[in-house]
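K.L.:
Can you look at this prediction? I've put the sequence above it.
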Amino acid sequence: MPGKSDMPGKLRGVVAMDGPSGTGKSTVSRRLASACGAAYLDTGAMYRAATLAVLRAGLDEASPAEKIAAVATTADVESVTDPAAPGIRLAGEDVEAEIRDVPVTKLVSAVSALGEVREAMVARQRRMIDAAVASGGGMVVEGRDIGSVVAPDAPLKVYLTASDEVRAARRRRQDAKAGRAADAKVVLADVQRRDRLDSTRAVSPLHAAKDALVLDTDELSVDDVLAALLGLVEERGLCAP
């Protein structure tokens, strides 16, 4: 973590962080927000919480799309945007751990691919971003369509990448740390499945915005990526002293 002398100042505006799972996106986004005194928004957690609401309603991938969308778009999802203690609540309940479990992971791509769901979530995300910027601050927003759809005018857009194998290994380490058993082949297959679903969906497919900086994290540590991002934030004049 950079020392105080390395802190770039308070972030003004939006940093859009996109990329598939396992690229280190969440970790570096939180650390960047902390270093810049900014808010942090994990849009993926919002979709996961809405998916959990769908599961709790007794629905699954075989259920009618309109029923899934009705539950997901009206779910009482609340994001905690403090990078030091981020979280996600569903109907007031902390569901951060539950949204990372296998049932949600298997269904979230199908739920988030529904046009009504994405439209509702993007509207919520834009309101949160607008509120953060209107207050004179900034927000680091991570997801899969931030630079291309949610915040296309963001002054800094970054798309993180890594090989399938590296991302699967990172996912296994995360699962093990959280006490979830993870078979290597199963995790790799799931990573590839989600990539396929997210990049081929009709609405807001996963891809790098045309003006995004693409950063391969295969050989980079979290500190390396954070240092690169802090340099970009300063280079583009996004920090107030």
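P.N.:
Received, thanks.
K.L.:
So which residue is smack in the middle of the protein?
P.N.:
G143 (3.2 Å; CA atoms, centre = their mean).
K.L.:
now that residue, nearest residue through space, not along the chain?
P.N.:
Spatially, and ignoring its direct neighbours in sequence, G143 is nearest to T43 (3.5 Å; CB to CB, 6 or more residues apart in numbering). All C-beta spots, glycine's among them, are computed from the backbone N, C-alpha and C.
K.L.:
show me the contacts for that neighbour.
P.N.:
121, 125, 141-144, 146, 150 (CB atoms under 8 Å, 6 or more residues apart in numbering).
K.L.:
Report the mean confidence score over the helix or strand that contains A33.
P.N.:
Assessed by DSSP states H and E, A33 sits inside helix 25-35. For helix 25-35, the mean per-residue pLDDT is 95.
K.L.:
From here on, call the first residue 33.
P.N.:
Yep, numbering from 33; the last one is helix 57-67 now.
K.L.:
List the buried residues of it.
P.N.:
Neighbour-count burial for helix 57-67 flags 57-58, 60-67 (criterion: 16 or more other CB atoms under 10 Å).
K.L.:
Closest one to R204 out of those, please.
P.N.:
S58 (15.7 Å; CB to CB).
K.L.:
For the closest one, give me its contacts.
P.N.:
For S58, the contacting residues are 74, 76, 174, by CB under 8 Å, 6+ apart.
K.L.:
Where strands are concerned, which of the residues you listed count?
P.N.:
Of the contacts of S58, the ones assigned to strands by DSSP state E are 74, 174.
K.L.:
Name the member of the contacts of S58 with the most neighbours.
P.N.:
When neighbours are counted by other CB atoms under 10 Å, E174 leads the contacts of S58 with 27 neighbours.
K.L.:
Helix or strand: which one has A48?
P.N.:
strand 45-50.
K.L.:
Who are the packing partners of that strand?
P.N.:
helix 57-67, helix 147-166, strand 170-175, strand 188-193 (3 or more CB pairs under 8 Å, 6 or more residues apart in numbering; DSSP states H and E).
K.L.:
Distance to P96 for those - can I get that in a markdown table?
P.N.:
Listed next are these as a markdown table, based on distance: least, CB to CB, whole Å:
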| stretch | distance to P96 |
| --- | --- |
| helix 57-67 | 32 |
| helix 147-166 | 12 |
| strand 170-175 | 26 |
| strand 188-193 | 34 |
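K.L.:
Could you measure from the closest residue in space to R80 that isn't next to it in sequence over to A240?
P.N.:
Using CB to CB, 6+ apart and skipping residues adjacent in sequence, the residue nearest R80 is I131, 3.7 Å away. Distance of I131 to A240, computed by CB to CB, to the nearest Å: 25 Å.
K.L.:
more crowded one of those two?
P.N.:
Using other CB under 10 Å as the criterion, I131 and A240 rank with I131 on top: 21 against 17.
K.L.:
Tell me the spacing between the more buried one and Q224.
P.N.:
The gap separating I131 from Q224 is 21 Å, by CB to CB.
K.L.:
what about the strands in this structure?
P.N.:
Counting by DSSP E, the strands of the chain are 42-43, 45-50, 71-74, 109-112, 119-122, 125-126, 170-175, 188-193, 245-248, 271-272.
K.L.:
closest one to L146 among those strands?
P.N.:
strand 109-112 (15.1 Å).
K.L.:
List of residues touching the closest one?
P.N.:
73-74, 77-78, 81-82, 85, 118-122, 124, 156, 160.
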